[in-house]
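> give me a 3D structure for the following:
(2 chains)
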Amino acid sequence: MHIVVCIKQVPDSAHIRVHPVTNTIMRQGVPAIINPYDLFAIEAALRLKDQLGGRVTVMSMGPTQAEPALRKAISLGCDEAILVTDRIFAGADTLATSYVLASAIRTLDKEMPVGLVFTGKQTIDGDTAQVGPGIAKRLDMQLLTYVSRIVEVDPAQRRIVVERRAEGGVQVLETAMPALITMLEGSNEIRFASTPGMFRAARATIRHWDRNAAGIEDIKLVGLKGSPTIVSRVFGPAARAEKAKPIPFDPADPDSCANNLLERLLNEMPKVRKELEQRRSDTQ
Amino acid sequence: MSEKFDVIVVGAGPAGNAAAYTLAKAGINVLQIERGEYPGSKNVQGAILYADALERLIPDFRDSAPLERHIIEQRMWVLDEDSYIGGHYRSAEFARPPHNRYTIIRARFDKWFSDQVQKAGALLLCETTVKALLRDVQGKVIGVEVDREDGRIYADAVILADGANSLVATRAGLRQDIRAETAALAVKEVIFLPKETVDARFNLSGQEGAVIEMLGSISQGMVGTGFLYTNKDSISIGIGCMLSDLKRQHLAPVELLERMKAHPAIAPLIAGGEPREYAAHLIPEGGYDALPQLYGEGWMLVGDSAGFVNAVHREGSNLAMTSGQMAAETLIELLREKRPATAANLARYRARLDASFVMKDLKKYRRLPETLDRQRQFINDYPALLNQAAHTMLRVDGMDKRHKEKEIFNAFRERRSLLGLLGDAYHLWRATR
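Residues are numbered from 1 along each chain as shown, chains lettered A, B, ... in the order given. Below is the predicted model of the structure:
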């Protein structure tokens, strides 16, 4: 079975900074990593390959700087990597991105039919969780989001059973392949690349697909032009003006400290105080 | 199944990159192994890049290397609690290309350097740690073992460029563990300021930069120095002291840096800036007498792992690059002559080093670490005396100048005695001749 994993290179959120004036993310000098949720997508795909054999192709749309992310995927065990890259793809929102990736997957499907597509549940820089579903819709694939476990895959019958985290519980879903699965974090332990894997990644040739190679039919649907999303304003949370008020603490008398704290909290919340007093008088 | 290379270079800092670059350029099959996420991700330096050593490797490096500012002014400050006395050297000559030295940001610079190494044909594995050296029955190093599955990788020779701690060489028993007496711990901050502010505060324009090297009260009686370097839109400020001193005084390096930043001569230079990066690193400052054995059967030490740091002139990365290049050239020569990398043959590496500025400079200052450690007056007394002398001389208060001179001389004599002064002059001359 041929599995495709779509990944994104994102700035490491542990090192990210927001520009104080423009409120945009400052990417300069911030290390780039594979979107952490995508690692679970890669892992799920590789486990299926370990189990059933077949081929895993990892794909990303982005600038050439995204190559290290794809190499890392190869080091973990993906067979091949495709970087869908073209200047006209720049400035894409989720609609345009899913159009480009869907086109590329459709092109890849002609080389070797694709049974499953994996993505992470969302990226940590956009947080939209829209690209995966967008691809599935465009390719007319079954869509399984927030998947926590692949229970069973039957390539012959083209059936797949997964567990999906839903509000209030876990759903067990069965559907037909081809399907697109967005993986939940923590679904599997991420493997550590072996030495031969590292060598394979270091020597791998990453295929670069431009608009023609990716089979883009309508260039009006890609990049900034193909992106109806308009970011009208970006703002950070306003800093609070009030300062923290220290409460004196005497280790010999923690009770008075607690009472002091409670008193101050209730002063801030007259409604709660009233309710408490009401209840106290009710019980008495 | 195992991979085999002509040479394995452990580490992708200046020394490792210089070695791997030289080897790859000569068509040698070289593998470089780096522990960090990418080259430069773990590296810490002030940082000043001296053009000379890099120029000998990559003559046109200025066209593509990420350089911050070229230095046109060098300041040397001797500080007391609320004053400093010093000298500034600024030259229009330094402003004319080709420039002699630059400030750099190592995370960016190392990445660039590594790109050149890979373009030259070396293979690089990142996020991979060398756990041990592989040896044959005679004890010759024949490869490394890394921290990943199927981790044995073979080579005819291994160059260890794994930095100040050199965990690989130390674990393999090729050198001793780093000692507190021969290592400095330096801490630094990168403080962001708009380019115009940096320009205005240091009287700079365009890509011009200024640096300040400092000693005196800022090291709180310990053997150490401070620095302040201008980057494009930030300032790198830091201080390093001998580890043994820090241990003795129970001082946290961060406290040292905070106090230094509050000095009345320094605070205005960094005022309003946003500290965005804090880093600390060991610097091998033991000098010539602390050098370990530099080569053996199938292995060589280069850069910080060999202890190649000239603490007096704040040089290290240039010694690293030069030693890396020399180790590589030694191997290239041996491979061409079809001779094995035995200790006897690798002695040529040492000969190359001895003939170069690397060993000559280290020898020149070989007595300095010991002198500074024992003769604390250079740190505890002279900075204050010099500042007081300037203060006495420059204060106009009705006292005649001859009287002032006498007062200054008396202050020196009281603190150090006549014999002491002579002795100090001798010590200093001997330690730096």
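> what's around residue 203, how many residues?
Defaulting to chain A. For A:Arg203, the neighbour count with other Cβ atoms under 10 Å in any protein chain shown is 10. In short, each C-beta sits where N, CA and C put it, glycine included.
> that's the other chain; I wanted chain B
11.
> dump the residue contacts of the closest residue to chain B within the stretch 101-250 of chain A.
Closest contact between the stretch 101-250 of chain A and chain B, by Cβ to the nearest Cβ, is at A:Ser194 (3.8 Å). By Cβ atoms under 8 Å, 6 or more residues apart in numbering or on different chains, the contact list for A:Ser194 reads B:148-150.
> tell me which of those is nearest to B:Ala252?
Nearest to B:Ala252 among the contacts of A:Ser194, counting by Cβ to Cβ, is B:Arg148 at 36.0 Å.
> report pLDDT for that closest one.
B:Arg148 carries a pLDDT value of 96.
> does it sit in a helix, a strand or a coil?
coil (DSSP: H, G, I helix; E, B strand; the rest coil).
> what about the closest residue to it other than its chain neighbours, neighbour count?
What sits nearest to B:Arg148 in space, not counting adjacent residues and going by Cβ to Cβ, 6 or more residues apart in numbering or on different chains, is A:Thr195, at 4.5 Å. Using other Cβ under 10 Å, A:Thr195 has 21 other residues around it.
> pretty sure A:Thr195 is touching B:Asp150, no?
Yes: with contact defined as Cβ atoms under 8 Å, A:Thr195 counts as touching B:Asp150 (4.7 Å).
> mind checking what helix or strand follows the lowest-mean-pLDDT helix or strand in chain A in sequence?
Sorted by mean pLDDT, DSSP states H and E, the helices and strands of chain A end with strand A:25-26, the least confident at a mean of 68. Using DSSP states H and E, the next helix or strand after strand A:25-26 towards the C-terminus is strand A:32-34.
> and the residue of the stretch 1-150 of chain B that's closest to chain A?
B:Glu149 (3.8 Å).
> identify the residues contacting that residue.
Contact analysis of B:Glu149 by Cβ under 8 Å, 6+ apart lists A:192, A:194-195.
> low-confidence stretches in the chain?
Looking at chain A here, since you left the chain open. A:19-29 (pLDDT under 70).
> that's the other chain; I wanted chain B
If you take pLDDT under 70 as the line, chain B has these spans: B:1.
> how near is the spatially most central residue of it to B:Asp361?
Centroid check for chain B by Cα atoms, centre = their mean gives B:Gly316 as the closest residue, at 3.3 Å. B:Gly316 sits 11 Å away from B:Asp361 when distances are taken as Cβ to Cβ, to the nearest Å.
> what residues are shared contacts of those two?
B:Asn310.
> still on that earlier bit, can you pull the phi/psi pair for the residue of the stretch 1-150 of chain B closest to chain A?
Main-chain dihedrals, B:Glu149, degrees, to the nearest 10: phi -60, psi 140.
> same check, this time on the one 3 residues further on
Here is the backbone geometry of B:Arg152 (degrees, to the nearest 10): phi -90, psi 120.
> with B:Ile142 instead?
Torsion angles, degrees, to the nearest 10, at B:Ile142: phi -130, psi 10.
> show me what contacts it?
Residues counted as contacts of B:Ile142 (Cβ under 8 Å, 6+ apart) are B:134-136, B:154-156, B:298.
> which two in those residues are spaced the farthest apart?
Maximum distance among the contacts of B:Ile142 (Cβ to Cβ): 13.1 Å, for B:Arg135 and B:Asp156.
> if we can go back for a sec, B:Ile283 is in contact with the residue nearest to the centre of chain B, correct?
Yes: the criterion here is Cβ under 8 Å, and B:Gly316 meets it with B:Ile283 at 6.9 Å.
> which residues do those two both contact?
B:304, B:309.
> now the strands for the stretch 151-300 of chain B?
For the stretch 151-300 of chain B, the strands defined by DSSP state E, counting those that start in this stretch cover B:152-160, B:183-192, B:208-216, B:224-230, B:234-242, B:274-284, B:295-296, B:299-301.
> sorry, back to before: derive a PyMOL selection command for the buried subset of the contacts of B:Ile142.
In PyMOL, this line selects whichever of these come out buried by 16 or more other Cβ atoms under 10 Å in any protein chain shown:
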select buried, chain B and resi 134+155+156+298
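> who does residue 160 bridge with?
No chain in the question, so chain A it is. A:Val153, A:Thr175 (DSSP bridges).
> was after chain B, sorry
B:Val10, B:Leu301.
> B:Leu123 reaches A:Ala204, doesn't it?
No: using Cβ under 8 Å, B:Leu123 makes no contact with A:Ala204, being 11.6 Å away.
> neighbours of the closest residue to chain A within the stretch 251-400 of chain B, how many?
Nearest residue of the stretch 251-400 of chain B to chain A: B:Arg276, at 7.4 Å (Cβ to the nearest Cβ). Residues near B:Arg276, counting by other Cβ under 10 Å, number 12.
> tell me who's in contact with it.
Counted by Cβ under 8 Å, 6+ apart, B:Arg276 has contacts A:17, B:190-192, B:234.
> could you tell me which residues of the stretch 151-300 of chain B lie near chain A?
Taking Cβ under 8 Å from any Cβ of the partner chain as the criterion, the neighbours of chain A within the stretch 151-300 of chain B are B:151-153, B:276.
> which of those count as buried?
B:151, B:153.
> name the element A:Val10 belongs to?
Going by DSSP H and E, A:Val10 is in strand A:9-11.
> figure out how far that strand is from the centre of its chain.
Centroid displacement of strand A:9-11 relative to its chain, using Cα atoms, centre = their mean, to the nearest Å, is 10 Å.
> packing partners for the following helix or strand past that strand?
The helix or strand immediately downstream of strand A:9-11 is strand A:17-18, counting by DSSP H and E. Using 3 or more Cβ pairs under 8 Å, 6 or more residues apart in numbering or on different chains; DSSP states H and E, the elements in contact with strand A:17-18 are strand A:25-26.
> ok, the residue nearest to B:Val190 when sequence neighbours are not counted to B:Cys126 distance?
Counting by Cβ to Cβ, 6+ apart, B:Val190 lies nearest to B:Glu277, which is 4.0 Å off, once chain neighbours are set aside. From B:Glu277 over to B:Cys126 the distance is 21 Å, taken as Cβ to Cβ.
> quick one, which of the two is more surrounded?
In terms of neighbours (other Cβ under 10 Å), B:Cys126 is the more surrounded of B:Glu277 and B:Cys126; the figures are 22 against 16.
> OK, contacts around the more buried one?
Contacts of B:Cys126 by Cβ under 8 Å, 6+ apart are B:12, B:34, B:36-39.
> let's see 6 Å
Residues in contact with B:Cys126 (Cβ atoms under 6 Å, 6 or more residues apart in numbering or on different chains) are B:34, B:38.
> ranges for the helices of the stretch 51-200 of chain A?
Using DSSP state H, counting those that start in this stretch, the helices of the stretch 51-200 of chain A run over residues A:67-76, A:94-111, A:131-139, A:195-203.
> got the buried residues for the longest one?
Same thing as helix A:94-111. Neighbour counts over helix A:94-111 (16+ other Cβ under 10 Å) mark A:94-109 as buried.
> so B:Ala341: helix, strand or coil?
coil.
> surely the residue nearest to B:Arg148 and B:Gly151 touch.
Yes: with contact taken as Cβ atoms under 6 Å, A:Thr195 and B:Gly151 are classed as touching, separated by 4.8 Å.
> tell me, how many residues neighbour B:Ala262?
Using other Cβ under 10 Å, B:Ala262 has 9 neighbouring residues.
> any idea how far it is from B:Leu246?
From B:Ala262 to B:Leu246 the distance is 19 Å (Cβ to Cβ).
> kindly report the same for A:Leu262.
On the measure of Cβ to Cβ, A:Leu262 and B:Leu246 end up 45 Å apart.
> with B:Lys42 instead?
For B:Lys42, the distance to B:Leu246 - Cβ to Cβ - is 22 Å.
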